[in-house]
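In: sequence plus predicted model, see below.
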Amino acid sequence: MTLVNVLKERSVWTYDVMAASSNMGEMIREDAITSVNLAFIQQQSNDNGFGLGTTSLQGAKLESEFGGDWIWNYA
């Protein structure tokens, strides 16, 4: 599996989950889906040796400084 394949799979999964929740009249929050995706992508990176690192900026309140809730980096 490649990183591109993992990201494509997550994209399809996200679309499907959002569509299913919308069909029920419910919308899953973006931050919840992002958290699931980040955990899955990081695990796949670890398992496949992609060298991708994911860092959350939320707990440190750095999102306003860096403009995002998380960042990716390569080791």
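Out: Perfect, thanks for sending it.
In: show me what contacts residue 75?
Out: Going by C-beta atoms under 8 Å, 6 or more residues apart in numbering, residue 75 touches 51-53. Backbone N, C-alpha and C define where each C-beta goes, glycine included.
In: swap the cut-off to 10 Å and go again
Out: 45, 49-53 (C-beta atoms under 10 Å, 6 or more residues apart in numbering).
In: of all pairs in those, which one is the farthest apart?
Out: 49 and 53 (12.5 Å; C-beta to C-beta).
In: more crowded one of the two?
Out: residue 53 (13 against 8; other C-beta atoms under 10 Å).
In: just the buried residues of the helix or strand containing the more buried one, please?
Out: Following DSSP states H and E, one finds residue 53 within strand 52-56. Neighbour-count burial for strand 52-56 flags residue 52 (criterion: 16 or more other C-beta atoms under 10 Å).
In: with only the CA atoms kept, save it in PDB.
Out: Output in PDB follows, covering the C-alpha atoms of strand 52-56 (Å, rounded to 0.1, in the frame of the first residue of the first chain):
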ATOM      1  CA  LEU A  52       4.900  10.400   7.900                       C
ATOM      2  CA  GLY A  53       4.400  12.100  11.200                       C
ATOM      3  CA  THR A  54       1.300  13.800  12.400                       C
ATOM      4  CA  THR A  55       1.400  16.500  15.200                       C
ATOM      5  CA  SER A  56      -1.700  17.900  16.800                       C
END
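In: what's the mean pLDDT across it?
Out: On average, the pLDDT along strand 52-56 is 91.
In: what ranges do the helices span in this protein?
Out: Assigned helices in the chain, in chain order: 3-23, 30-48, 63-66 (criterion: DSSP state H).
In: go through these and pick out the most buried.
Out: helix 30-48 (a mean of 14; mean count of other C-beta atoms under 10 Å).
In: show me what the helix or strand bottoming out on mean pLDDT in the chain packs onto, helices and strands only.
Out: When the helices and strands of the chain are scored by mean pLDDT, DSSP states H and E, helix 63-66 comes last with a mean of 80. Helices and strands touching helix 63-66, as assessed by 3 or more C-beta pairs under 10 Å, 6 or more residues apart in numbering; DSSP states H and E, are absent.
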